[in-house]
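K.L.:
Got a predicted structure here, sequence first:
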Amino acid sequence: MSHLGERVSALVDGELNHHERDRALSHLAFCADCRAEVEAMRALKSRLRSLDGPVMPTDLTMSLLRMAEPGGPLPPRERPFPASRTFGGAPIPSMHSVAPPDNRPRGRAGGPRRARRAGYVAVGVASAAVAIGTLFVVGGGADPGPRVPPVDMFANQHRNTVPFGGSATPTLSPTP
Amino acid sequence: MTRLPATVILAAVMLLGLVAGGPAHTARPAHAAPPDEAESEDTGLYLLREAAVAARSRGYSGIRYVTVQGRTGPVTSTAEVRNLPGRGLTVRTEPSGPVQGADPGAPAGGMLAPSGAMLEVLARNYRVVAAGRGQACGRPARLAEVLRPDGTVAARYWVDEAGGPVLRREFLDGRGRVVQDSGFAELTVDPVAGDVAVPVRAAGGAALVEVSGLAAEGWSFPRMLPGRLELFAAHKALPGYLYLGYSDGLSVVSVFIQHGALDEERLRGWHAERRNGHTIWTRDPAGQETIWASGGHVYTVFADAPADVADAAVAALPHEPVPDLWTRLGRGAHRLLSWFNPFG
């Protein structure tokens, strides 16, 4: 049997079937090179498993949360478990924390209220403008500006209109 | 057309007669006494009906004249007319001008064939009585007089005794003065060619179905004007104006209303005058064409009526200054409320 080669990784991950695993293990009993390679592979994977998951930067986390907030103040942070890890002095949210740490400046606490008030004012002004515009248009129609009547067309219509429509019955009526 | 100068001379002669003081005939004074019991019925209405039928069904040709007593004096115009049964009436107003088709029931056709409904309106507003015989345009005629309720003569018609159209028509004002005289200066009536199918033209008449919708849109206009002028048509038309037609059975007044202000700078050929504190623009000396601005609208009035009737109609229509902002807003609120008011 030749050296295990790419089957080393499959052997370490337990992905070989029963027959292949027996042949691989038989080879390892007599091949020091492959045995050393398998040991090295196991040690590498074991070390990778022992590492922590990637930590999301705090700034990125807060930016994402601000994008999702409805505009009102954030609910009080619930932290049933104390933060155990910090990064640069700032607590790092963990899988047990419900809300991110509120590290916004205190000066922004009244901002949403003022923004809401300004929004109310803007909506009111816009509604009043729409109402006044509607009354203005309905009250006089759109003003097309100064004009000269098409007098020739009007004169032609006047001269060719038969009052009360129709015409006299085209039959001779008897003379009384 | 070589006969037109002679016609003009004839019209001038008639004009002199008009200026000299009244109708050619002197059968009845203008201030006629109220008709007696026998005349209380419209004994002359059938004459006008026959003449209206003849104006469509008989073939004839001739020269018509119209003389209107204006503020600065009488004004006369002539036209060459030709009626062919089944083909209609054609009119040429200029010697070398184009020949145009016209309905004999319209002002362009000289109102030779008023509609049956118009004659009914005439009979409702006036009494139409037969008044003997006379002569017009060199032809024997039967005379019909149109009397106001007070017994004064409002109009006289000379109807061709040989079954032709109306030969002559006079309008008189309340003081018995002839204010409009029209008729044939020359006339040739073709022989009767049997029964001829005359097409009945639908010419924009009793179009009052839009009145309620126009009122809902905020248009405001009177149903009656002074002189018993009744509204017979009201509709909107392109390019964005309201047409109103009024008639009392004799006269016709057309009112055109547009949104906007009057551009007086570009109103060429019209002359401003002051009436009752308002500026009115007129073009013809007979007072039949009038323009003015009122309340954000431009009014244009064309009339086929005595000058006093036309003036009274113009005076009865709105003459308001341009509305200010609050007036306009209030009017808009009123209209909006009227739209949503189920009892309005």
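P.N.:
It's in.
K.L.:
Any idea what the closest residue to B:H319 other than its chain neighbours is bridged to?
P.N.:
What sits nearest to B:H319 in space, not counting adjacent residues and going by Cβ to Cβ, 6 or more residues apart in numbering or on different chains, is B:H278, at 4.4 Å. All C-beta spots, glycine's among them, are computed from the backbone N, C-alpha and C. On the basis of DSSP bridges, B:H278 is bridged to B:R275.
K.L.:
B:H278 is in contact with B:E320, isn't it?
P.N.:
No: taking contacts as Cβ atoms under 8 Å, B:H278 lies outside contact range of B:E320: 9.1 Å.
K.L.:
Just want to know which of the two has more residues nearby.
P.N.:
B:H278 (16 against 12; other Cβ atoms under 10 Å in any protein chain shown).
K.L.:
got a list of what the more buried one touches?
P.N.:
B:H278 makes contact with B:292, B:294, B:319, according to Cβ atoms under 8 Å, 6 or more residues apart in numbering or on different chains.
K.L.:
cool, B:V166 as well?
P.N.:
B:48, B:51, B:55, B:112, B:157-160, B:183.
K.L.:
By mean pLDDT, which helix or strand of chain A comes out lowest?
P.N.:
Lowest on mean pLDDT, DSSP states H and E among the helices and strands of chain A sits strand A:90-91, with a mean of 60.
K.L.:
Rounded mean pLDDT for stretch B:270-277, please.
P.N.:
What stretch B:270-277 shows for mean pLDDT is 86.
K.L.:
What lies in contact with it?
P.N.:
Contacts of stretch B:270-277 (Cβ under 8 Å, 6+ apart): B:264, B:279-283, B:291, B:311, B:314-315, B:319.
K.L.:
cool, and stretch B:116-126?
P.N.:
If you take Cβ under 8 Å, 6+ apart as the criterion, stretch B:116-126 is touched by A:162-169, B:42, B:45, B:48-49, B:52, B:105, B:114, B:128, B:146-149, B:154-155, B:205-206, B:228, B:230, B:232, B:247-250.
K.L.:
related to what we said a few turns ago, give me the subset of the contacts of B:V166 touching chain A.
P.N.:
Contacts with chain A are made by B:A55 out of the contacts of B:V166, judged by Cβ under 8 Å from any Cβ of the partner chain.
K.L.:
And stretch A:4-16, what's buried?
P.N.:
Buried positions in stretch A:4-16, judged by neighbour count with 16 or more other Cβ atoms under 10 Å in any protein chain shown: A:4, A:7-8, A:11-12, A:16.
K.L.:
Of the residues you listed, which is the nearest to chain B?
P.N.:
Taking Cβ to the nearest Cβ as the measure, chain B lies nearest A:V12 of these, at 81.9 Å.
K.L.:
Could you double-check that the closest one lies in contact with A:R42?
P.N.:
Yes: applying Cβ under 8 Å as the test, A:V12 and A:R42 come out as touching, 5.3 Å apart.
K.L.:
Name the SS class of residue 55, please.
P.N.:
Assuming you mean chain A. Judged by DSSP: H, G, I helix; E, B strand; the rest coil, the three-state class of A:V55 is coil.
K.L.:
residues near it, how many?
P.N.:
12.
K.L.:
for the one 4 residues further on, same thing?
P.N.:
By the measure other Cβ under 10 Å, the count of residues near A:D59 is 10.
K.L.:
hang on, the earlier thing: ok, and the most crowded of the contacts of B:H278?
P.N.:
B:W292 (21 neighbours).
K.L.:
Need the pLDDT of that residue.
P.N.:
The model's pLDDT for B:W292 equals 94.
K.L.:
And the one 5 residues further on, by the same measure?
P.N.:
As summarised for this prediction, B:H297 has a pLDDT of 89.
K.L.:
pretty sure it contacts B:P321?
P.N.:
No: here B:H297 does not reach B:P321: they are 11.7 Å apart, not a contact under Cβ under 8 Å.
K.L.:
More neighbours: which of the two?
P.N.:
Per other Cβ under 10 Å, whichever of B:H297 and B:P321 has more neighbours is B:H297, with 23 against 11.
K.L.:
For the more buried one, list the residues it contacts.
P.N.:
B:257-260, B:318.
K.L.:
picking that back up, filter the contacts of stretch B:116-126 to the buried ones?
P.N.:
A:162-169, B:42, B:45, B:48-49, B:52, B:105, B:114, B:128, B:146-148, B:154-155, B:205-206, B:228, B:230, B:232, B:247-250.
K.L.:
that older thread, return the subset of the contacts of stretch B:116-126 lying in strands.
P.N.:
Secondary structure from DSSP state E places B:128, B:146-147, B:154-155, B:230, B:232, B:247 of the contacts of stretch B:116-126 in strands.
K.L.:
Quick check, pLDDT for whatever residue of chain A ends up closest to chain B.
P.N.:
Chain B sits closest to A:G165 of chain A, with a gap of 1.5 Å, by Cβ to the nearest Cβ. Per-residue pLDDT puts A:G165 at 77.
K.L.:
you'd agree it is up against B:S115?
P.N.:
Yes: the pair A:G165 / B:S115 is scored as a contact, 6.1 Å apart, by Cβ under 8 Å.
K.L.:
ranges for the helices of the chain?
P.N.:
Since you didn't name a chain, this refers to chain A. A:7-13, A:18-30, A:32-50, A:58-68, A:111-140, A:151-159 (DSSP state H).
K.L.:
meant chain B actually
P.N.:
Using DSSP H, helices in chain B cover B:4-21, B:45-57, B:116-125, B:211-216, B:307-316, B:325-340.
K.L.:
could I get those helices as TSV with mean pLDDT and distance to B:V178?
P.N.:
Shown next, in TSV, are those (pLDDT from 0 to 100; distance: least, Cβ to Cβ, whole Å):
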stretch	mean pLDDT	distance to B:V178
helix B:4-21	49	6
helix B:45-57	93	19
helix B:116-125	92	19
helix B:211-216	81	36
helix B:307-316	90	12
helix B:325-340	74	45
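K.L.:
Among these, show me which one is buried the most.
P.N.:
helix B:45-57 (a mean of 24; mean count of other Cβ atoms under 10 Å in any protein chain shown).
K.L.:
counting contacts, what elements does that helix pack onto?
P.N.:
With contacts defined as 3 or more Cβ pairs under 8 Å, 6 or more residues apart in numbering or on different chains; DSSP states H and E, the packing partners of helix B:45-57 are helix B:116-125, strand B:127-136, strand B:139-147, strand B:153-160, strand B:166-172.
K.L.:
hey, C-alpha coordinates of the shortest one in PDB?
P.N.:
Looking back up the chat, that one is strand B:166-172. Extracted in PDB, the C-alpha atoms of strand B:166-172 (Å, rounded to 0.1, in the frame of the first residue of the first chain):
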ATOM      1  CA  VAL B 166     -90.300  85.200 -44.500                       C
ATOM      2  CA  LEU B 167     -89.800  88.200 -46.800                       C
ATOM      3  CA  ARG B 168     -89.100  90.800 -44.100                       C
ATOM      4  CA  ARG B 169     -88.800  91.000 -40.400                       C
ATOM      5  CA  GLU B 170     -88.800  94.000 -38.100                       C
ATOM      6  CA  PHE B 171     -87.900  94.300 -34.400                       C
ATOM      7  CA  LEU B 172     -89.200  97.200 -32.500                       C
END
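K.L.:
can you give me the angle it makes with helix B:307-316?
P.N.:
For strand B:166-172 against helix B:307-316, the angle by axes from the mean of the first three to the mean of the last three Cα atoms, to 10 degrees is 60 degrees.
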